[in-house]
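Q: here is a sequence with its predicted model. Questions after.
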Amino acid sequence: MTITGALGVAVASPVAAAPSAGTVERLSGATESDMSPQLFCSTKFIVDGVRIRAAPNTSSTIRGLGYKGQWFDIDKFNNSALSWAYGTNRSTGVKGWVSNTSGFLDVRLCP
């Protein structure tokens, strides 16, 4: 679709940009089939040494650590209580689950 600008020149109308290769996809729900191209929320770790785990429980493998001030991009939560958040530590690229009930994330940054 084209539109005519103020100077009478035809210009293409703006189109929503495709997500970049580094964009994390949001999972709205508990299944992989509920994917959309938007991130659920970006927040920060508010303490040092937060464990990023392979599954949403304290007995699962630790994949990495988050440190105060590092960004954590949340893709989904494990349940309606939002007790565990799955996402990516922007600084390290580590993906996994972080407890959302222990005050490790600054969820005030989330909508």
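A: Cool, the structure landed. All of these numbers come straight from a predicted model, not from anything done at the bench.
Q: what residue ranges in the protein score low on pLDDT?
A: For the chain, applying pLDDT under 70 flags the ranges 1-39.
Q: tell me the secondary structure for Arg108?
A: helix (DSSP: H, G, I helix; E, B strand; the rest coil).
Q: so how far is Thr43 from it?
A: The spacing between Arg108 and Thr43, counted by CB to CB, to the nearest Å, is 8 Å. Using the backbone N, CA and C atoms, a C-beta is placed for each residue, glycine as well.
Q: compare these two (neighbour count), which wins?
A: Per other CB atoms under 10 Å, whichever of Arg108 and Thr43 has more neighbours is Thr43, with 21 against 8.
Q: doesn't Phe104 make contact with that one?
A: No: between Thr43 and Phe104 there is no contact under CB atoms under 8 Å: 9.7 Å.
Q: quick one: the strands in this structure, in order.
A: Under the criterion DSSP state E, the chain carries strands at the ranges 2-4, 10-12, 26-27, 35-36, 41-44, 50-53, 62-66, 71-77, 84-89, 95-99.
Q: most tightly surrounded among these?
A: Most buried of the strands of the chain, by mean neighbour count (mean count of other CB atoms under 10 Å): strand 84-89, with a mean of 23.
Q: relative to it, what are the paired strands and their orientations?
A: Partners of strand 84-89 in the sheet, by DSSP bridges, are strand 71-77 (antiparallel), strand 95-99 (antiparallel).
Q: need those in a markdown table with distance to Tyr86, can you?
A: A markdown table is the format used below for the strands paired with strand 84-89 (distance: least, CB to CB, whole Å):
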| stretch | distance to Tyr86 |
| --- | --- |
| strand 71-77 | 5 |
| strand 95-99 | 5 |
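Q: figure out which of these is closest to Gly87.
A: For the strands paired with strand 84-89, proximity to Gly87 was assessed by CB to CB; strand 71-77 is nearest, at 4.1 Å.
Q: dump that closest one to PDB, keeping only the CA atoms.
A: C-alpha atoms of strand 71-77 as PDB (Å, rounded to 0.1, in the frame of the first residue of the first chain):
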ATOM      1  CA  TRP A  71      18.300  -7.800  32.800                       C
ATOM      2  CA  PHE A  72      16.100 -10.900  32.700                       C
ATOM      3  CA  ASP A  73      13.700 -11.200  29.800                       C
ATOM      4  CA  ILE A  74      10.700 -13.200  30.900                       C
ATOM      5  CA  ASP A  75       8.900 -15.400  28.300                       C
ATOM      6  CA  LYS A  76       6.400 -17.100  30.500                       C
ATOM      7  CA  PHE A  77       5.400 -18.100  34.000                       C
END
